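Q: Pasting the sequence and the predicted coordinates here, then a few questions.
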Amino acid sequence: MENIKEVRVRYAPSPTGLQHIGGVRTALFNYLYARSKGGKFILRLEDTDRTRYDEKYVQNLYDTMAWLGLDWDEGGDKGGEYGPYVQSERFALYKEYAQKLIENGEAYYCFCDAERLDRIRKIQQENKMAPGYDRNCRHLTPEEVKANLDAGKPFVIRLKVPLEGETKFHDHLLGDITWKNEDISPDPVLLKSDGFPTYHLANIVDDHLMHVSHVMRAQEWIPSTPLHVQMYRSFGWEHPEFCHLPMVNGSDGKKLSKRHGSTSLNEFRARGYLPQAIVNYVALLGCSYEEGKEFYTLAELAENFRLEHLNKSPAVFDYKKLEYYNGNYIRRLSDEELYKWTLPFITGTGDATLEINPENPQPKPKVGPEYSGVRLNDAGEPECVDESMGMTSADVKAALMKLMPLIRERLHFLCDAAEMVRFLFTKPAVLPVEQIVPKKLDAAKTKEVLEAAIGFIEKLPSISEEEGENLAKATAESLGVKLGDFMMPIRMAVTGSRVSPPLIGSILILGADESVARVRKTLESF
Ligand code: GLU
């Protein structure tokens, strides 16, 4: 790719839905390309479709980009030399440019009403003909056009697509592409009767006026590109370079969609994914970087991003792989960072409140005070829901901070933290005996284990963790049970759950006295 001109790329979504993995991949590759070349990354809002427009999607766009750390140089909310970057604020401009094409004979007024277009469509359907406009108004005389305009007849403006010949363009990934002009949609509308531009007109005018050097977008836009190339020719403009990105599919080889699982970024956030993990994994969808390296920061990705390293074949979105990245990035967080990231899930605030698609087959994350026993107070500090625990906000925060190093290794998702911290902030209900008795033991032996646990727990505060582990092994051995069968009943008595952070550490944070009290309470049912 020649680099005489400055690299200026854009992510130009239509705010008609929440940001999803496919869009984010497009945004990320544009961002990385801009940063790798010292160019500019533009965020443009293509909000010409007013029927599906919703302000919340605009907010979601800015919010998602900021959450991912993809900062933009020019854009809707930021301005820039070639703004505004919101298409609905540029309508006058599109009219003016559509008019220019009328004047240079590359476009024409079309006065066909909905009824006529409907009739054509039906005839085409009945006769199994290709759909599209029959170019009726392309042949109106200047006098007929004038008469219609004078009569105030509503019109649209259509592009005069050449009837013969071919349109050629080069795609960075797919190479030279040739389309027969007869296969381009017959004379598409550029300006609608209400004066609104179509996607095609606004997109081309903006890419030109905003000096976009490279159009990098999803492969599903390929069929529009010959038309766009024709439009650039009609205006007498040079077109940007094109690079249509590889598809992102689900494991079944079909385009990634809600059927496969989460796709919206909000949902990934609500499920406790870290932006670092998403950025790293999504960057690998259709592109390679250094040999044998798995983990990259955003800056490292930008440094290593090359258009030449894009893959032609579709990328497969693997949820398990993303989970692996997520766990890995969670383990890289400091205690302070982990506390900051997990607190919303523990208290059911922030990211934990984002909407989850109810049709998603994955279970809903168990987050918030109901699961953790901790809520946020008005001052934004964590507090115990159960006041009888007698903990101040400072106690709650201190206990959580102590627990962070213990839970870090066990989290696949940030949301897993809520249930793991629960035992510190609620008195667990005593579990039924049959649940506590391990498969290999009976109730009498389990009772022995729990009785021995009291002495074991009481010694823990005065010995090292390693000595604690050795003591657990020795006690289990003296009872003639496996270590797991010794620990599990204690875990269930102390934490009320089969899964908990490492037991000895958990007991030390909870306190030996409280832990012993819970074991004694459990023993009452034996
Ligand atoms: N507004 C289009 C979209 O929603 C932009 C396509 C393009 O990049 O040209 O994806």
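A: Here it is on my side, so go on. For clarity, every value in this text was computed on a predicted model and none was experimentally measured.

Q: Can you report how many residues lie near the closest residue to Gly69 other than its chain neighbours?
A: Closest residue to Gly69 apart from its sequence neighbours, by CB to CB, 6 or more residues apart in numbering: Leu298 at 5.7 Å. For glycine as for every other residue, the C-beta is placed from the backbone atoms N, C-alpha and C. Neighbour count for Leu298, taken as other CB atoms under 10 Å: 20.

Q: Now do the contacts for Leu298.
A: Taking CB atoms under 8 Å, 6 or more residues apart in numbering as the criterion, Leu298 is in contact with Gly69, Leu70, Gln276, Val279.

Q: for Gly455, same thing?
A: For Gly455, the contact set (CB under 8 Å, 6+ apart) comprises Thr475.

Q: That one: helix or strand, and which one exactly?
A: For Gly455, the enclosing helix or strand under DSSP states H and E is helix 443-459.

Q: The closest residue to the ligand within the stretch 151-300 of the chain pairs with what?
A: The minimum distance from the stretch 151-300 of the chain to the ligand, using CB to the nearest ligand atom, falls at Arg217 (3.6 Å). For Arg217, the beta-bridge partners are His244 (DSSP bridges).

Q: low pLDDT regions in this protein?
A: Along the chain, the model assigns pLDDT under 70 to residues 1-4.

Q: how about the residues of it near the ligand?
A: Within the chain, the positions near the ligand by CB under 6 Å from any ligand atom are Ala12, Pro13, Ser14, Glu46, Asn203, Arg217, Trp221.

Q: Around the fifth one, count how many other residues there are.
A: Same thing as Asn203. 24.

Q: what does the third one give?
A: Here the neighbour count serves as a burial measure; for Ser14 (other CB under 10 Å) it reads 17.

Q: Three-state assignment for it, please.
A: Following DSSP: H, G, I helix; E, B strand; the rest coil, Ser14 is assigned to coil.

Q: residue contacts, it?
A: Shown in contact with Ser14 (CB under 8 Å, 6+ apart): Leu45, Glu46, Asp47, Thr48, Asp49, Arg52, Tyr199.

Q: I'd like to know how many residues surround the first one.
A: Neighbour count for Leu45, taken as other CB under 10 Å: 23.

Q: repeat for Glu355
A: 10.

Q: do Leu93 as well
A: If you count neighbours by other CB under 10 Å, Leu93 ends up with 16.

Q: Likewise for Leu149?
A: Based on other CB under 10 Å, the number of other residues close to Leu149 is 12.

Q: so how far is Tyr53 from the residue of the stretch 1-150 of the chain found nearest the ligand?
A: At 3.6 Å from the ligand, Glu46 is the closest residue in the stretch 1-150 of the chain, using CB to the nearest ligand atom. From Glu46 across to Tyr53, the span is 10 Å (CB to CB, to the nearest Å).

Q: surely Lys160 meets Asn104?
A: No: the criterion here is CB atoms under 8 Å, and Lys160 misses it with Asn104 at 10.2 Å.

Q: ok, Thr51 - how many residues close by?
A: The number of residues packed near Thr51 is 5, by other CB under 10 Å.

Q: And the helices in the stretch 1-150 of the chain?
A: For the stretch 1-150 of the chain, helices defined by DSSP state H, counting those that start in this stretch occupy the ranges 21-36, 55-68, 91-103, 114-126, 142-150.

Q: Export these as TSV, with columns for distance to Gly348.
A: What follows is the helices of the stretch 1-150 of the chain, written out as TSV (distance: least, CB to CB, whole Å):
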stretch	distance to Gly348
helix 21-36	25
helix 55-68	19
helix 91-103	43
helix 114-126	50
helix 142-150	61
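
Q: for those, which one ends up most surrounded?
A: helix 21-36 (a mean of 24; mean count of other CB atoms under 10 Å).

Q: tell me the angle it makes with helix 55-68.
A: With axes from the mean of the first three to the mean of the last three CA atoms, to 10 degrees defining the directions, helix 21-36 sits at 50 degrees from helix 55-68.

Q: which helices and strands sit right next to helix 21-36?
A: Packed against helix 21-36 by the contact rule (3 or more CB pairs under 8 Å, 6 or more residues apart in numbering; DSSP states H and E) you find strand 8-11, strand 40-43, helix 55-68, strand 214-218, strand 241-245, strand 248-249, helix 275-283, helix 298-304.

Q: can you state the direction angle for the fourth one and strand 241-245?
A: Put simply, strand 214-218 runs at 20 degrees to strand 241-245, going by the same axes, to 10 degrees.

Q: roughly how far is strand 214-218 from the heart of the chain?
A: 19 Å (CA atoms, centre = their mean, to the nearest Å).

Q: hmm, who's touching the following helix or strand past it?
A: Heading C-terminal from strand 214-218, the first helix or strand you meet, by DSSP H and E, is helix 225-235. With CB under 8 Å, 6+ apart as the test, helix 225-235 has contacts from 97, 100-101, 104, 106-107, 159-162, 167-169, 171, 177, 179, 181, 183-185, 188, 190, 200-201, 203-204, 208, 238-239, 242, 244.

Q: can you pull the buried residues of helix 225-235?
A: Of the residues in helix 225-235, Thr225, Pro226, Leu227, His228, Val229, Gln230, Met231, Tyr232, Ser234, Phe235 count as buried by neighbour count, 16 or more other CB atoms under 10 Å.
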